[in-house]
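> need the 3D shape of this:
(one chain, ligands or ions: 1)
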Amino acid sequence: MGKILVTGALGQIGSELVPALRERHGGAAVIASGIRYRSVGAVTEGGTIELLDCTKLDDIRAVVEKHDIETIYHMAAMLSAIGEDKPEEAWELNFGGFANVLKVARRRDCAVFFPSSIGAFGPSTPRLNTPQDTVQRPTTIYGVAKVVGELLADYYAARFGLDTRGLRLPGLISYVALPGGGTTDYAVEIFYQAIREQRFSCFLRADTRLDMMYMPDAVAAIMQVMEADAGRLSHRNAFNVSAMSFTPAELAAAIQRHIPDFAIDYEVDPLRQAIADSWPDAMDDSAARAEWGWQPRYDLAAMTEDMLEKVAAKLGAT
Ligand code: SER
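Numbers count the residues shown, from 1 in each chain. Model (predicted):
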């Protein structure tokens, strides 16, 4: 197994993916990278970290050559709501950064993981049981970059034989690093507020149903699809994957089973509500189950119980 580069390693996914990859392949095999340094215990203390701006082709090339990288997990990206505040920067990072990664990967024959998203769908996509292969006309710059990224990754695989793989991830719930500027972030913030103040003001309507996943399942899915037998994969770059689908009201009820006094109210943010309303309610992930054995471990109840325990420990509330 050659060396691995993780871009965006200090973000919500990277901060848990890097320790998992180091555990699997050894600390020396995994190079973490981020656009700016901040201390994230397990990532910054467990091995090498490089400063890397993915919009700069030469910088990616230099890091890949320096460490003789064979596999790139490209996690550096701006989330959906913040992308609407600065669409041109979002395009440059989310699409331009990935295009740069593919250019370098082609020259060095690296395998590449690309995280697509429920954001790759739009209002004309079927909302329920969203098929693996369906209409993709997203209305956010985040979604546009995801669709083009899926296509470009497929193109590099077909045209140059590059081993590109990817998942359409749902909203991710985690406690190590906070997400920033996403539409599904409420499902993380709610746990911090439930423990600190037993109340939460939600920026999405009570009945907004979205696909979600707990981070241990997301990390497992990312590693599993990269290790899957290539011969079995026909949807290499954009597997629908989901673990649960819930509304803010249902998540609040799950928290109330542990914290009976927890109260939720709704102060809807029109921008994030419009984005959420354009995304599926629940994806069909049967292709991932059939082609590489996708099977989530956490449902709403199990995720809620674990999140409450882990966030309470983090906040020193136990
Ligand atoms: N969680 C992301 C967001 O809300 C979607 O993939 O932007």
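> now the strands: where do they sit in the stretch 51-200 of the chain?
Per DSSP state E, counting those that start in this stretch, the stretch 51-200 of the chain carries strands over the ranges 69-74, 111-117, 128-130, 164-169, 171-173, 199-202.
> residues touching the residue of the stretch 151-300 of the chain found nearest the ligand, list them.
Closest contact between the stretch 151-300 of the chain and the ligand, by CB to the nearest ligand atom, is at residue 182 (2.9 Å). Placement of C-beta: from N, CA and C, glycine included. Residue 182 is in contact with 79, 80, 81, 82, 171, counting by CB atoms under 8 Å, 6 or more residues apart in numbering.
> return the member of these nearest to residue 30.
Nearest to residue 30 out of those is residue 79 (CB to CB; 23.8 Å).
> for that closest one, give its distance to residue 101.
As for residue 79, its distance to residue 101 is 18 Å (criterion: CB to CB, to the nearest Å).
> same check on residue 218?
As for residue 218, its distance to residue 101 is 20 Å (criterion: CB to CB).
> could you list the residues of the stretch 1-150 of the chain in contact with the ligand?
Within reach of the ligand by CB under 6 Å from any ligand atom, the stretch 1-150 of the chain has these residues: 79, 80, 117, 118, 119, 142.
> now the two most distant members of the residues you listed.
Checking these with CB to CB, the most distant pair is 79 and 118, at 12.0 Å.
> between these two, which is the more surrounded one?
When neighbours are counted by other CB atoms under 10 Å, residue 79 and residue 118 differ, and residue 118 comes out ahead with 30 against 22.
> list the contacts of that one.
Residue 118 touches 168, 169, 170, 171, 210, 211, 279, 280, 283, counting by CB under 8 Å, 6+ apart.
> can you redo the residues you listed as CSV with distance to residue 127, pLDDT and neighbour count?
Output for the contacts of residue 118, formatted as CSV (distance: CB to CB, whole Å; pLDDT from 0 to 100; neighbours: other CB atoms under 10 Å):
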residue, distance to residue 127, pLDDT, neighbour count
168, 15, 98, 28
169, 18, 98, 25
170, 13, 98, 27
171, 15, 98, 25
210, 10, 98, 25
211, 11, 98, 25
279, 8, 98, 30
280, 5, 98, 27
283, 10, 98, 28
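> filter those residues down to the ones near the ligand?
169, 171.
> between the contacts of residue 118, which is nearest residue 191?
residue 171 (13.2 Å).
> that closest one and residue 277: what is the separation?
Taking CB to CB, one finds residue 171 at 14 Å from residue 277.
> can you count the residues close to residue 190?
The number of residues packed near residue 190 is 24, by other CB under 10 Å.
> sketch out the helices for the stretch 1-150 of the chain, chain order is fine.
Secondary structure of the stretch 1-150 of the chain (DSSP state H, counting those that start in this stretch): helices located at 14-25, 41-45, 57-67, 80-85, 87-91, 97-108, 141-160.
> by mean pLDDT, show me the worst of those.
Per-segment mean pLDDT for the helices of the stretch 1-150 of the chain reaches its minimum on helix 41-45, at a mean of 75.
> check the offset of it from the chain's centre.
When C-alpha coordinates are averaged (CA atoms, centre = their mean, to the nearest Å), helix 41-45 and its chain have centres 19 Å apart.
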